[in-house]
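Undergrad: give me the fold of what follows.
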Amino acid sequence: MPPETKSGLFVQSFARGLEVIEAFGQTPTMTLTDLAEATGLSRATVRRFVYTLVNLGYVRATEKHFALTPKIMNLGFAYLASQPLVELVEPVLSNLSKELGQSTSVSVLDGTDVVYIARQETTSIMRINITVGTRFPAYATSMGRVLLAGLNESQLEEYFANADLTEVTDYTITDEAALRAELATVRDQGYAVVEEELEVGLASVAVPICNRTGTTVAAMNTSVAVTRHSPEDLTDLLPPLFAAADEVSNAL
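TA: Here you go, the predicted model:
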C-alpha cells in the first residue's frame, strides 16, 4: 500500500532519504548518477542526501563512489532488538538445526517479500548467501506460502494486486489461479513444501508460528538438497519442525 503522501504529517524529504538508502541494495557501490537513476531523484537532491549520510557515518565516500557503512546495520538491528519473537526463536532454531542436521530459518512477511529475522546455518546448499535481513519473493518460498496462507481474504487480495509473479526458476508457479490453489492446500494441511521454485536443486518445508489468537505471525523452515532428499522425505522433517514452531507459538 503506497504511503499517504498528501497527509500533512508525511515528511517527503525523509522518505526520499530512505529511498537513497534502499537504492544501495541494488549494488554495493554507487555514484551520484547511479543513485539518481535508481531513485528517480535529481542528482542535486541525491548529492544533499548522500552528503548528510556521509556526515552521519552511514555512508562512506571513495572518490566518486559511495557505499553503506556497517553503521547502517543499527537501523535494522533496532527492529530485531524490539521484537520478542527474535529472542524466542534463536535458541529454538539452534536446537532444531542440531536435531535435523540442517540449516533452519524464521521469516516474516514484508509487503510481497519474506524477510529473514533469524537463521541457523549448518551447511550452505544455496548459491545465495542467506543472512538476517535477506529478502525473497514470498510466492516462490515455503515460508512465504505459509505466511500468505495465513492472510485473510482482503490481505491476500492486496498481496496479489502488488505482487510481481515472475519466474525465478523453470519450476516456479507464476499463474495466480495455480498459486491460490496451492495456498489453499497449504492452509488446509498446515505446512508448505516448495521444490526448486526458488533455486534449482533446493527444496524446503515450512510451518507457521502463530500468536495466542491463532494468527500466523512468522514461518519456520528447513531446506535440503533435492539430490539427497525426495519431496516425500521432506515430510519426515515435519514433526520436529511443528514441535519447534509450537514451542515458539506457546511462548508468544
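Undergrad: from now on I want contacts and neighbour counts done on CA atoms only, so please keep to that.
TA: Will do.
Undergrad: any stretches of the stretch 151-252 of the chain with poor pLDDT?
TA: Flagging of the stretch 151-252 of the chain using pLDDT under 70 yields the residue ranges 228-232.
Undergrad: residue ranges of the strands in it, please?
TA: 192-195, 202-210, 216-225 (DSSP state E, counting those that start in this stretch).
Undergrad: nearest to residue 60, out of those strands?
TA: With CA to CA as the measure, strand 216-225 is the member of those nearest residue 60 (34.7 Å).
Undergrad: so how far is that closest one from its chain's centroid?
TA: 11 Å (CA atoms, centre = their mean, to the nearest Å).
Undergrad: if we can go back for a sec, please produce CSV containing the strands of the stretch 151-252 of the chain, extended by mean neighbour count.
TA: Output for these, formatted as CSV (neighbours: other CA atoms under 10 Å):
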stretch, mean neighbour count
strand 192-195, 24
strand 202-210, 26
strand 216-225, 24
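Undergrad: may I see those strands organised as JSON lines, with distance to residue 33 added?
TA: Output for these, formatted as JSON lines (distance: least, CA to CA, whole Å):
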{"stretch": "strand 192-195", "distance to residue 33": "40"}
{"stretch": "strand 202-210", "distance to residue 33": "38"}
{"stretch": "strand 216-225", "distance to residue 33": "38"}
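Undergrad: mind listing the strands for the stretch 1-150 of the chain?
TA: Using DSSP E, counting those that start in this stretch, strands in the stretch 1-150 of the chain cover 29-30, 59-62, 65-68, 104-110, 113-120, 135-137.
Undergrad: quick one: closest of those strands to residue 222.
TA: Going by CA to CA, the one of the strands of the stretch 1-150 of the chain nearest residue 222 is strand 104-110, 4.5 Å.
Undergrad: got the angle between that closest one and strand 202-210?
TA: 70 degrees (axes from the mean of the first three to the mean of the last three CA atoms, to 10 degrees).
Undergrad: buried ones in strand 104-110?
TA: For strand 104-110, the neighbour count (16 or more other CA atoms under 10 Å) marks 104, 105, 106, 107, 108, 109 as buried.
Undergrad: just to revisit the earlier point, how about the strands of the stretch 151-252 of the chain, which one is nearest residue 16?
TA: strand 216-225 (29.6 Å).
Undergrad: which residues of the stretch 1-150 of the chain score low on pLDDT?
TA: Short version for the stretch 1-150 of the chain, where the test is pLDDT under 70: 1-8, 26, 76-83, 123-128.
Undergrad: try 90 this time
TA: For the stretch 1-150 of the chain, the stretches flagged by pLDDT under 90 are 1-18, 21-29, 62-64, 68-90, 101-102, 121-134.
Undergrad: run through the helices of it in chain order.
TA: With DSSP state H, counting those that start in this stretch as the criterion, the stretch 1-150 of the chain has helices at 12-23, 32-39, 43-56, 73-82, 84-100, 142-149.
Undergrad: deepest of those, which one?
TA: Compared across the helices of the stretch 1-150 of the chain, helix 142-149 shows the largest average neighbour count, a mean of 29 (mean count of other CA atoms under 10 Å).
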